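*Asks:* predicted structure and sequence below. I'll ask about it afterward.
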Amino acid sequence: MVIGVIPARYASTRLPGKPLVDIGGKPMIQHVYERASESKYIDHLIVATDDQRIVDVVENFGGKVVLTPPELPSGSDRIAYVVKNMQDVEIIVNIQGDEPFINPIMIDMAIEPLAFDKNIYVSTLAKRISKVDELKDFSVVKVVMDMYNDALYFSRSPIPFVRDDSISLDEKIKKFKFLKHIGLYVYRKEALLEFTRMEQGIIEQLEKLEQLRFLENKIPIKVVETEYESISVDTPEDLKKARNYYQKLKKQQ
């Protein structure tokens, strides 16, 4: 069985109450839930939250939700809490609660490596960077991978480094492939539970990127390249952009 879990934390530093912000008359968590529900591989979908207000909203629109202990340190830990006693779960999809326009095709693309290869334990998505601002932005996580599409490293810095100083950043982006990481993860159940028992490594602590814990412990992450874009809402400015984007979508329908 494939289960999708949407971790949703109320106490966001940059945008308090983030899962419940209104976008076109719906709370953001509802947009995420409805999009994820369109995945052809997910059998069950659950919101994992530490706040009763989010529980009430999800139940109000007919979604499934689990209230998790507030002391859990991360979204991954909340997901593990939800699935640890589910006997039939084989594959877990970690769907970010702050991406209201996630394309269900992206979710399915990330699931497929695990669905068709039992030797793959973790997968994620990446998209080619086309703007210099994205390459330079430390909030945009970059990933490099090997010839087999396994992640070599994730970083907030521009990677790989192009030593040739005679090439401008615009030329570099056109000539070389730089990939930004899209934070959607798919795990086998045993890989996720093992992840939550691992100690944070030095590199994870430096970069503040928890996916590096897998690499530091020699657990490969399969990277699926996608052409689809996703909008993450982390700040009031992001929220304004998301609302404008939604209005454009409505006009096109």
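*Replies:* Right, received. Where do you want to start?
*Asks:* so where is this structure shaky, pLDDT-wise?
*Replies:* For the chain, residues meeting the criterion pLDDT under 70 lie at 253.
*Asks:* can you do 90?
*Replies:* Of all residues in the chain, those with pLDDT under 90 make up the ranges 11-14, 73-75, 139, 162-172, 174-175, 229-232, 234, 248-253.
*Asks:* tell me the first helix or strand C-terminal of the helix or strand hosting residue 173.
*Replies:* Element membership for residue 173, per DSSP states H and E: helix 169-175. From helix 169-175 onward toward the C-terminus, using DSSP H and E, the following helix or strand is strand 179-188.
*Asks:* measure residue 67 to residue 183 for me?
*Replies:* To residue 183, residue 67 is 23 Å away according to Cβ to Cβ, to the nearest Å. All C-beta spots, glycine's among them, are computed from the backbone N, C-alpha and C.
*Asks:* looking at those two, which one has more neighbours?
*Replies:* Neighbours around residue 67 and residue 183, counted as other Cβ atoms under 10 Å, are more numerous at residue 183. The numbers are 19 against 13.
*Asks:* how about the more buried one, nearest residue that isn't a chain neighbour?
*Replies:* Closest residue to residue 183 apart from its sequence neighbours, by Cβ to Cβ, 6 or more residues apart in numbering: residue 96 at 5.3 Å.
*Asks:* same question for residue 51.
*Replies:* In space, residue 51 is closest to residue 10, 3.7 Å off (Cβ to Cβ, 6+ apart).
*Asks:* tell me the SS of the one you found?
*Replies:* Residue 10 carries the three-state label coil when classified by DSSP: H, G, I helix; E, B strand; the rest coil.
*Asks:* pretty sure it is touching residue 54, no?
*Replies:* Yes - with contact taken as Cβ atoms under 8 Å, residue 10 and residue 54 are classed as touching, separated by 5.9 Å.
*Asks:* what's the overlap in contacts for the two?
*Replies:* Residues touching both residue 10 and residue 54 (Cβ atoms under 8 Å, 6 or more residues apart in numbering): 19-20.
*Asks:* what about these two, which has more around it?
*Replies:* The residue with more neighbours, out of residue 10 and residue 54 and counting by other Cβ under 10 Å, is residue 54; that gives 24 against 16.
*Asks:* helices or strands up against the helix or strand containing the more buried one?
*Replies:* Applying DSSP H and E as the criterion places residue 54 in helix 52-60. Judged by 3 or more Cβ pairs under 8 Å, 6 or more residues apart in numbering; DSSP states H and E, the packing partners of helix 52-60 are helix 28-36, strand 44-49, strand 65-67.
*Asks:* give the buried residues for that helix.
*Replies:* When burial is assessed from 16 or more other Cβ atoms under 10 Å, helix 52-60 yields the following buried residues: 54-55, 57-58.
*Asks:* angle of that helix against helix 28-36?
*Replies:* Angle between the axes of helix 52-60 and helix 28-36 is 40 degrees (criterion: axes from the mean of the first three to the mean of the last three Cα atoms, to 10 degrees).
*Asks:* CA atoms only for helix 52-60, dumped as PDB, please.
*Replies:* Extracted as PDB, the C-alpha positions of helix 52-60 are listed here (Å, rounded to 0.1, in the frame of the first residue of the first chain):
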ATOM      1  CA  GLN A  52      -5.900  21.100  16.800                       C
ATOM      2  CA  ARG A  53      -6.800  24.100  14.500                       C
ATOM      3  CA  ILE A  54      -5.400  22.300  11.500                       C
ATOM      4  CA  VAL A  55      -7.200  19.100  12.600                       C
ATOM      5  CA  ASP A  56     -10.500  21.000  12.600                       C
ATOM      6  CA  VAL A  57     -10.000  22.500   9.200                       C
ATOM      7  CA  VAL A  58      -9.000  19.300   7.500                       C
ATOM      8  CA  GLU A  59     -11.900  17.400   9.000                       C
ATOM      9  CA  ASN A  60     -14.200  20.200   7.900                       C
END
